[in-house]
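[1] Here is a sequence with its predicted model. Questions after.
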Amino acid sequence: MNKDNPLLPQVATVLDITSETPDIKTLRVAGKDGLPFEFMPGQCAMLSIPPIGEAIFSITSSPTCRECLEFSIKEVGTVSSALHDLPPGAHIGIRGPYGNGFPVDDMKGKDLLFIGGGIGLAPLRSLIGYCFSNRDQFGHIDIVYGARSPADLIRKSEIKETWPAEPDTSVYLTVDAENPDWKENVGFVPAYVSELGFKPENKIAITCGPPIMIKFVLQALDKLGFKPEQVITTLEMRMKCGVGKCGRCNLGPVYVCKDGPVFSLAQLNELPAEY
Amino acid sequence: MAEKSLKEAEKIREIVGQDLLGGRIGLLLGWEKGHYWWQSRPLFAKNEADLEKLTWDSFCVINLSRYLLEELKEHGKVGVLVKGCDARAFNRLLQDNMVARDRVVLYGLPCPGMLDYGRLNEEAGGALISISESNGSVTLKTGTGEKSVERDQVLMKKCAECVYPDPVVYDQLLLSPQGKKEGVERFKSVEDLEELTPDERFAYWEGELSRCLRCYACRQVCPFCSCRECFVEQDNPRWQGRAYQPGENFMFHLVRAYHGTGRCIDCGECERACPVDIPLQELNRKLIKDINQLYGDYEAGVDAEADPPLLTYRPDDPAAFSEK
Amino acid sequence: MKKMIGLDKLPALWEQLSAEGPLYLPIEERGVVCFKPWYEGAVVRLDALNGVVPPKDIFLPREETYMRYQGGSQTLEIEAVSPGPDDKATLFGVHPCDLKAVEMLDRVYIDQEPGDSLYRRRRENATVVALACSSPDPFCFCNLFEVDPADAPGADIMAYLSEQSLYLETRTEKGETMLAKAESLISDAKDEPERPREVKTTDFGLYLEGLSDNLKERFDDPAWDNLYKSCLSCGVCTYVCPTCYCFDVEDFGHEGAGERFRCWDSCMFGHFTQMAGGHNPRPDRKERVRQRFLHKLQYYPQTYGEIACVGCGRCLRSCPVNLDIVQAVKALGGEAVEQR
């Protein structure tokens, strides 16, 4: 973050852009000397293309990746679609990191259960990568990930090949509807979580996905016996400043961009449900 | 408050009360007193207790018709108190297909014109405590004494320039008509502006619009601004930038005025709502005047059956349609 | 140190002070009084009550460019724009309520990490001359917030207007430096200024003790269902409010060159929280009205210990449908017991 003016971006270069799904692309972005800034998993950055504007995205790569930042971005608005259309080597503005990030220290020594849906894997992937790079600090890792169809799953080679091969790790994939090429589970993520019947002991669940998925995942975890303190999610709201001033992501006494976007369910229960 | 308006309020309460409590309407849009005697605010009456608060006095200036856009989503049938301007606003919404006539009960209130707190204060010379009204004059009570002024001297500007004080559409007329006002010089300031050179006129508007805060009160209060999505908020393409500079000021106010050509009912709510007193009605009136000159006299909102000039096509239109 | 200056000499003082940097005064233009930089021939209205727009725009301008860019997609260059240490400004004639409101913004923009250097520099570079209020109008209710209309603790100079003179009481070094520059126009005060005593503002019968805490349980209160009904979703209340501080960020220019600025924005606008994908956490007027009032009455106090209102009365005066914070407090149980 620029010390003098946190709103001021630096110039960064888009190294390359890969297509993940019909509407999601991953951009690899580097500053002048590698990483534009140090960060922790769960934090976000503001990307901008003048004069189109700025938008906030969660960082998809792990801080242990030292060459560049990765952003898996879904095309939903003017900035995201302009980012999708950039050629390799294009310059953009970047500023950050913003937000609190995942409580990594509190997770140490614990088993972790990641539950993601669609583009919601983006922020989780940063933490998953961090855990794999510091494997001995964490217990067993379960990853449940789903999307509407096989084509809508992101990071296909990682979820199918790399991650299942990591030590002490289980990956469970699911899609919403039957598909001739799909051999794994069919069904919604929350139902799959219930079916898999995870035990809450010494475990922290981290979930991110569409609001409707999160809502039912929280119910499923509750039924499995997870306490609100054991459940962590990350919120998405409109943000402009990233430093808790411009007002868009104000939620009760907190600003999601600064005090979040990562909250435990226990914390969320204390806030107005206006997200 | 004048005894007359108290009696009128009583009568209004009685009549609308029968309909509201009898279930003919689910909601009544009226006015209630705010914190001050010179402010009345919208009342959303659903029951007898709400009706107790219903007021009718010389400060019921807020146009209620626009609230129909939201309230008809919730209520099957809504009653509205309409002054002359409110009734024309209703016709505007009706012509724009924004409301269904059979779901609204209009209670017509011929309007003597509303009073302006600022003008009352000016006349009083400060420390105004209260007023009383009788027979077209207003007595101002201050800390040091009393003073009487003609009612016309302390009307709101929009009311002093009003041509149609009587509702042009209603289901029931609750008070005696005031009659159409003749000889109102509502185009005087437009004519003055027309006398200026283009450069002078540009400088005039640049100055006036430089105060614009872009709060959009003029748009939000306006009966012709009922678009579900305004061009201002459209993102792709982005028509309206947020910079506070002349180009963006003109963009907003001129596009808005043009959207109201032949549709502005001349209620003056935009100008009243503007916190920084931009004379917005001069823009709208210029277009009303031009429409009258080009297409013959037309008063938007007066007759819901009359076709708005810019929404009709005739082979002998003064300007040719695009020939491409 | 007590000084005085004859009212006839004020134009000379304005001229002298404005040579150092912009001198903001309540200036009347086409019938509207707002704080504006002084210019020759300006109609200065020290006697006017609160101008339509509060002086917050001197520190948090309606629009502020903080970056310029140039170059295309492979040659982008970004340059910071910020007020320098020489950008000195003087704010003259601000009332105690408005100055208290600026101090509320200070907590957000200076004290709360990360600080905002644009705001901080403007604030640090400014000398503030506060003006005592002797005759508040019926919209004023600053007494409720323990503002003394006759004294502004945060001022560099406290000024008192009498029929012939303006008394100036310096409170800080910055204030003394300012007066030293205008020595020839100013004399030592021979008598005590006529200090307005116990200035009473409108009493709406509100009782704020415990209100912020009580509101924590009233997010779903049925009172909200009635309160928002008249709201038009315009931004008047937020733009004329001295403690509102939300902003937007936008670019102005084309692909080759332009600038990025921030500008005032309002939580009352539907698009304020509208996300690119279509989801809107505060989609309707009810949520937005609730957000604005809870921010003033619960969220800000929860963080900073004080209700974010100074009783300046601007929302009571300017809301086109007379929906204001007094009405909100009354609806939310903040009415004094004997009035209930």
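    Happy to help now that I have it. Numbers count the residues shown, from 1 in each chain, chains lettered A, B, ... in the order given.
[2] Pull the contacting residues for residue 43.
    No chain was given, so I picked chain A. Counting by C-beta atoms under 8 Å, 6 or more residues apart in numbering or on different chains, residue A:43 makes contact with A:58-59, A:96-101. Every residue, glycine included, has its C-beta placed from N, CA and C.
[3] my bad, chain C
    Counting by C-beta under 8 Å, 6+ apart, residue C:43 has contacts C:27-29.
[4] Could you rerun that using 10 Å?
    C:25-29, C:33 (C-beta atoms under 10 Å, 6 or more residues apart in numbering or on different chains).
[5] Specify which member of the contacts of residue A:43 is nearest to chain C.
    residue A:98 (10.0 Å; C-beta to the nearest C-beta).
[6] And the contacts of residue C:43, which of them are buried?
    The neighbour-count test (16 or more other C-beta atoms under 10 Å in any protein chain shown) marks C:25-27, C:33 as buried among these.
[7] So which of the contacts of residue A:43 sit within strands?
    Among the contacts of residue A:43, DSSP state E puts A:58, A:96-98 in strands.
[8] For the chain, which segments are assigned as helices?
    Let's take chain A. With DSSP state H, the ranges of helices along chain A come out as A:78-84, A:104-107, A:121-133, A:156-157, A:189-196, A:211-224, A:256-259, A:265-268.
[9] that's the wrong chain, I meant chain C
    C:10-18, C:56-59, C:96-106, C:117-124, C:173-181, C:211-215, C:223-227, C:236-240, C:285-294, C:300-304, C:314-318, C:325-331.
[10] Adding distance to chain B and pLDDT as columns, could you present the buried ones among the contacts of residue C:43 in a markdown table?
    Converted to a markdown table, the buried ones among the contacts of residue C:43 look like this (distance: C-beta to the nearest C-beta, whole Å; pLDDT from 0 to 100):
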| residue | distance to chain B | pLDDT |
| --- | --- | --- |
| C:25 | 16 | 96 |
| C:26 | 14 | 96 |
| C:27 | 12 | 95 |
| C:33 | 10 | 93 |
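[11] By proximity to chain A, which residue of chain B wins?
    residue B:236 (5.4 Å).
[12] wait, doesn't that residue sit right on residue A:78?
    Yes: counting by C-beta atoms under 10 Å, residue A:78 is a contact partner of residue B:236 at 5.4 Å.
[13] so which of the contacts of residue A:43 are also by chain C?
    Contacts with chain C are made by residue A:98 out of the contacts of residue A:43, judged by C-beta under 10 Å from any C-beta of the partner chain.
[14] Nearest to residue B:273 among the contacts of residue A:43?
    Closest approach to residue B:273 among the contacts of residue A:43 (C-beta to C-beta): residue A:98, at 37.5 Å.
[15] Contacts only, for the closest residue to the closest one other than its chain neighbours.
    Of all residues not flanking residue A:98 in the chain, residue A:242 sits nearest, at 3.8 Å (C-beta to C-beta, 6 or more residues apart in numbering or on different chains). Applying C-beta under 10 Å, 6+ apart, we find residue A:242 in contact with A:1, A:6-7, A:44-46, A:54, A:56, A:95-99, A:249, A:255, A:257-258, C:114, C:249.
[16] What helix or strand is residue B:202 located in?
    helix B:198-209 (DSSP states H and E).
[17] what does that helix rub up against?
    B:192-197, B:244-246, B:248-250, B:252-254, B:276-280, B:282-283, C:29-30.
[18] Narrow those residues to those in strands?
    Secondary structure assignment by DSSP E places residue C:29 of these in strands.
[19] Now the buried members of the contacts of helix B:198-209.
    B:193, B:244, B:248-249, B:252-253, B:276, B:278-280, B:282-283.
[20] Can you pick out the most distant pair from the residues you listed?
    B:193 and B:244 (23.4 Å).
[21] Return the residues of chain B in contact with chain A.
    B:235-238, B:241.
[22] Kindly give a single ChimeraX line that selects the buried subset of these.
    Applying 16+ other C-beta under 10 Å to these, the buried members can be selected in ChimeraX as follows:
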select /B:238,241
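[23] Check the residues of chain B next to chain A and tell me the two furthest apart.
    So, the residues of chain B next to chain A by C-beta to C-beta: farthest apart are B:236 and B:241, at 13.7 Å.
[24] Against chain B, how distant is the most centrally placed residue in chain C?
    Centroid-nearest residue in chain C: residue C:242, 3.1 Å away (criterion: C-alpha atoms, centre = their mean). Using C-beta to the nearest C-beta, to the nearest Å, residue C:242 is found at 14 Å from chain B.
[25] try residue A:43
    27 Å.
[26] How confident is the prediction for that residue, by pLDDT?
    The confidence metric pLDDT takes the value 97 at residue A:43.
[27] which residue packs closest to it, ignoring adjacent ones?
    residue A:97 (3.8 Å).
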